[in-house]
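>>> 3D, please:
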Amino acid sequence: MLGWVITCHDDDAQAMIDRLEKKFGPLPQCRAVNYWRGLSTNMLSRMMCDALHQTDTGEGVIFLTDKSGAAPYRAAALLSHKHENCEVISGITYALLEMMSPLRETLSSAEFRDTLVGQEIPGVSSLWHQQQKNPPFVLLHDLYKN
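A predicted model of the protein is given here:
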């Protein structure tokens, strides 16, 4: 089963988990990280790292964030590069999580990412999809070669 780390501004992440648990019961391998104004980037990173380790059983972890480019998204992006099978998705809503919740048990992290982004819901994207639009900078020639 894929782990979920839901991270949003204010108390939205915990509110989403609470609503999901009301509908589906206890959610194993699922943690909320609320990002409050004034929380340091270092503390946010530590909280997200703890949540990652609490939800990861080796099958993969999906970071579900509310806003692309915001502090929770950036912290998740940095963590995802250090761990295999980690994906970062932005633009999530409760309705989207409710729809995708059953797929945690059957899809790999990449399949989950592609299925979620494949819904073509405005504002929903993934770090991987954004990187495909803007590939890393590569020098086409060696400036110091004689």
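>>> ok, residues contacting the strand or helix carrying residue 74?
Using DSSP states H and E, residue 74 sits within helix 71-80. Contact with helix 71-80 is made by 5, 7-9, 33, 35, 41, 44-45, 48-49, 52, 63, 65-67, 86-88, 90, 127, as judged by Cβ atoms under 8 Å, 6 or more residues apart in numbering. For glycine as for every other residue, the C-beta is placed from the backbone atoms N, C-alpha and C.
>>> and what of stretch 89-102?
6, 8, 16, 19-20, 23-24, 27, 62-69, 73, 112-113, 115-117, 119, 121-127.
>>> just to be sure, which of these are found in helices?
Using DSSP state H to define helices, the subset of the contacts of stretch 89-102 located there is 16, 19-20, 23-24, 73, 112-113, 115-117, 127.
>>> what subset of those residues is buried?
Among the ones in helices among the contacts of stretch 89-102, those classed as buried by 16 or more other Cβ atoms under 10 Å are 16, 20, 73, 112-113, 116-117, 127.
>>> dump those to JSON lines, plus pLDDT.
Shown next, in JSON lines, are these (pLDDT from 0 to 100):
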{"residue": "16", "pLDDT": "96"}
{"residue": "20", "pLDDT": "97"}
{"residue": "73", "pLDDT": "94"}
{"residue": "112", "pLDDT": "94"}
{"residue": "113", "pLDDT": "94"}
{"residue": "116", "pLDDT": "91"}
{"residue": "117", "pLDDT": "89"}
{"residue": "127", "pLDDT": "87"}
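>>> now render these as JSON lines, adding distance to residue 104.
Output for these, formatted as JSON lines (distance: Cβ to Cβ, whole Å):
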{"residue": "16", "distance to residue 104": "14"}
{"residue": "20", "distance to residue 104": "11"}
{"residue": "73", "distance to residue 104": "20"}
{"residue": "112", "distance to residue 104": "7"}
{"residue": "113", "distance to residue 104": "12"}
{"residue": "116", "distance to residue 104": "11"}
{"residue": "117", "distance to residue 104": "16"}
{"residue": "127", "distance to residue 104": "19"}
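>>> out of the residues you listed, who's nearest residue 82?
residue 127 (13.2 Å; Cβ to Cβ).
>>> beta partners of the nearest residue to the closest one once chain neighbours are set aside?
Among residues not flanking residue 127 along the chain, residue 88 sits closest, at 3.9 Å (Cβ to Cβ, 6 or more residues apart in numbering). Under the criterion DSSP bridges, residue 88 forms beta bridges with residue 63.
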